[in-house]
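Undergrad: got a predicted structure plus its sequence, pasted below:
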Amino acid sequence: MRRDPPLARRLKAEIALEGPIPISRFMARALLDPLDGYYARSVTLGEDGDFITAPEISQMFGEMIGAWCIDVWHRMGRPPAIEIAEFGPGRGLLMRDVWRVAAIDPAFRSAVSVTLIEASPVLRAAQARALCDVPVTWREELDIRGDTPLIVLANEFLDCMPIDQYVCVDGRWAMRMVGLDPAGELAFGLAPLDTVPPGAQGSDGIFEVAPSLKGWIDRLAVALHGRGGAALLIDYGGDGRGDTLQAVYRHTRTHPLSAPGQHDLTAHVDFRAVCRHASDAGLGVDGPTGQGDFLRRLGIEHRARRLAAGDPGASERINRQLERLVAEDAMGTLFQVVALRSPGLMSVEGFQ
Ligand SMILES: C[S@@+](CC[C@H](N)C(=O)[O-])C[C@H]1O[C@@H](n2cnc3c(N)ncnc32)[C@H](O)[C@@H]1O
């Protein structure tokens, strides 16, 4: 007989006692439960792990983001101090590449302080190893009261933000819940609703809403209004329609309820909601644009040629990595990029 992972056993007991839970609660526990959550357990990124992200594919990704940060700093009038705050830095590779690129502009590098906002103690330790020569501070949350200008980076962070799913059939709304089937296994079910759920769109179908997204953008907006600066958000792009909840284990998709805490769990990011909340909060918005176009506008093809010229034996590998980051049938259009700006900053690089 299959043995349940510890978190599945605990969730089943809780649901048996208290009843079904919204998907957002299930997702928050599966990812961040301090004992048995996916990100509490081990380092799971990279070719040998469960999934691979853009900074794990190639140094070129972080280098382009580093160049973007330098450009933002210049557009802001080269302030003497600037904080780069990254949400969900994984193994710290993006920041490692940003920091290396910062060396091309010593005045920028000496102005920079780095803050990492990371929930996982295991990944904090991995970040400390990758960034041993970078002055880094870890924080629980963004400092919204500081006075240093700010650049916020978040790559594949918002897709970990828990979502709820709403289902509309013939004009009747229900919330999708996680409960137990007659055999006592975790199973999806529906809880009928009397009212149309907040943020739900359209007519029949499944709709997803990340309940904490608006609060997250509002906090970011307070910080950017008070301190000045920009945020760069890069993620698997969606529009809030359809069921995009997905679990991944060793690069293979699995059922989202099959092993909570053992598999990564994500949902596509509703970039329309991101942009709406950001402009409601008075921020300038650039994008969304595809990751491929964004990186090309920042010069990634030129960088790939330079790297290949310096190491001809590696040119095939470099071109493969480039394709993965920018090609339409790879990450080029599936991943979307949005920049949010404080009102004093008129535009940023990478968008038309
Ligand atoms: C998919 S990984 C992306 C890692 C990295 N940005 C990259 O591109 O390789 C998600 C990251 O977000 C972190 N994370 C997830 N939810 C979080 C939360 N609520 N607060 C802080 N960090 C969180 C995870 O621990 C992990 O570092």
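TA: Everything's here; your move.
Undergrad: what about the nearest residue to Asp33 once chain neighbours are set aside, which SS state?
TA: Counting by C-beta to C-beta, 6 or more residues apart in numbering, Leu7 is the residue found nearest to Asp33 once chain neighbours are left out, at 5.8 Å. From N, CA and C alone the C-beta is placed, and that goes for glycine too. Assigned by DSSP: H, G, I helix; E, B strand; the rest coil, the conformation of Leu7 is helix.
Undergrad: need the pLDDT of Leu7.
TA: The model reports Leu7 with a pLDDT of 94.
Undergrad: the stretch 101-250 of the chain: helices as residue ranges?
TA: Ranges of helices within the stretch 101-250 of the chain are 106-111, 121-130, 213-227, based on DSSP state H, counting those that start in this stretch.
Undergrad: thinking again about what came up before, who touches the residue nearest to Asp33 in this structure?
TA: Taking C-beta atoms under 8 Å, 6 or more residues apart in numbering, we find Leu7 in contact with Arg29, Ala30, Asp33, Leu35, Asp36, Gly37, Pro260, Gly261, Gln262.
Undergrad: in three-state terms, label the fifth one for me.
TA: Per three-state DSSP, the secondary structure class of Asp36 is coil.
Undergrad: pretty sure it contacts Asp4?
TA: No - in this structure Asp36 lies outside contact range of Asp4 using C-beta atoms under 8 Å: 11.0 Å.
Undergrad: so which of these two has more stuff around it?
TA: Higher neighbour count among Asp36 and Asp4: Asp36, with 19 against 15, using other C-beta atoms under 10 Å.
Undergrad: so where's the chain uncertain?
TA: Filtered on pLDDT under 70, the chain yields the residue ranges 1-2, 43, 199-202.
Undergrad: quick check: longest helix of the chain.
TA: Identified as the longest helix of the chain according to DSSP state H is helix 59-75.
Undergrad: packing partners for that helix?
TA: On a contact count with 3 or more C-beta pairs under 8 Å, 6 or more residues apart in numbering; DSSP states H and E, helix 59-75 meets helix 54-57, helix 93-102, helix 106-111, strand 150-155, strand 229-238, helix 291-297, helix 300-310, helix 315-326.
Undergrad: okay, the ones you listed in TSV with mean neighbour count and distance to Thr44 next?
TA: Compiled in TSV, these are given as follows (neighbours: other C-beta atoms under 10 Å; distance: least, C-beta to C-beta, whole Å):
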stretch	mean neighbour count	distance to Thr44
helix 54-57	22	11
helix 93-102	23	14
helix 106-111	14	31
strand 150-155	24	16
strand 229-238	24	17
helix 291-297	22	22
helix 300-310	16	27
helix 315-326	18	19
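Undergrad: ok, now how distant is the nearest residue to Pro20 once chain neighbours are set aside from the ligand?
TA: Using C-beta to C-beta, 6+ apart and skipping the chain neighbours, the partner closest in space to Pro20 is Gly179 (3.4 Å). Going from Gly179 to the ligand by C-beta to the nearest ligand atom, to the nearest Å gives 25 Å.
Undergrad: again, but for Thr289
TA: For Thr289 relative to the ligand (C-beta to the nearest ligand atom), the value is 18 Å.
Undergrad: before we move on, what about Ser110?
TA: To the ligand, Ser110 is 25 Å away according to C-beta to the nearest ligand atom.
Undergrad: how about the spatially most central residue of the chain, what does it touch?
TA: Taking C-alpha atoms, centre = their mean, the centroid of the chain lies closest to Phe157, which sits 1.9 Å from it. Shown in contact with Phe157 (C-beta under 8 Å, 6+ apart): Phe87, Gly88, Leu233, Asp235.
Undergrad: same thing but at 7 Å, please
TA: Going by C-beta atoms under 7 Å, 6 or more residues apart in numbering, Phe157 touches Phe87, Gly88.
Undergrad: again with the one 5 residues further on
TA: When contacts are counted by C-beta under 7 Å, 6+ apart, Pro162 is found next to Ser24, Met27, Ala28, Ala210, Ser212.
Undergrad: ok but the third one is inside a strand, no?
TA: No - under the criterion used here (three-state DSSP), Ala28 is helix, not part of a strand.
Undergrad: against Gly37, how distant is it?
TA: Per C-beta to C-beta, to the nearest Å, Ala28 is found 8 Å from Gly37.
Undergrad: show me which of the contacts of Pro162 is closest to Thr333.
TA: Ala210 (21.6 Å; C-beta to C-beta).
Undergrad: so what's the closest one up against?
TA: Residues near Ala210 by C-beta under 7 Å, 6+ apart: Met161, Pro162, Ile163, Asp270.
Undergrad: swap in 8 Å and give it another go.
TA: Counted by C-beta under 8 Å, 6+ apart, Ala210 has contacts Ser24, Leu158, Met161, Pro162, Ile163, Asp164, Ala267, Val269, Asp270, Ala273.
Undergrad: same check, this time on Leu35
TA: Per C-beta under 8 Å, 6+ apart, neighbours of Leu35: Pro6, Leu7.
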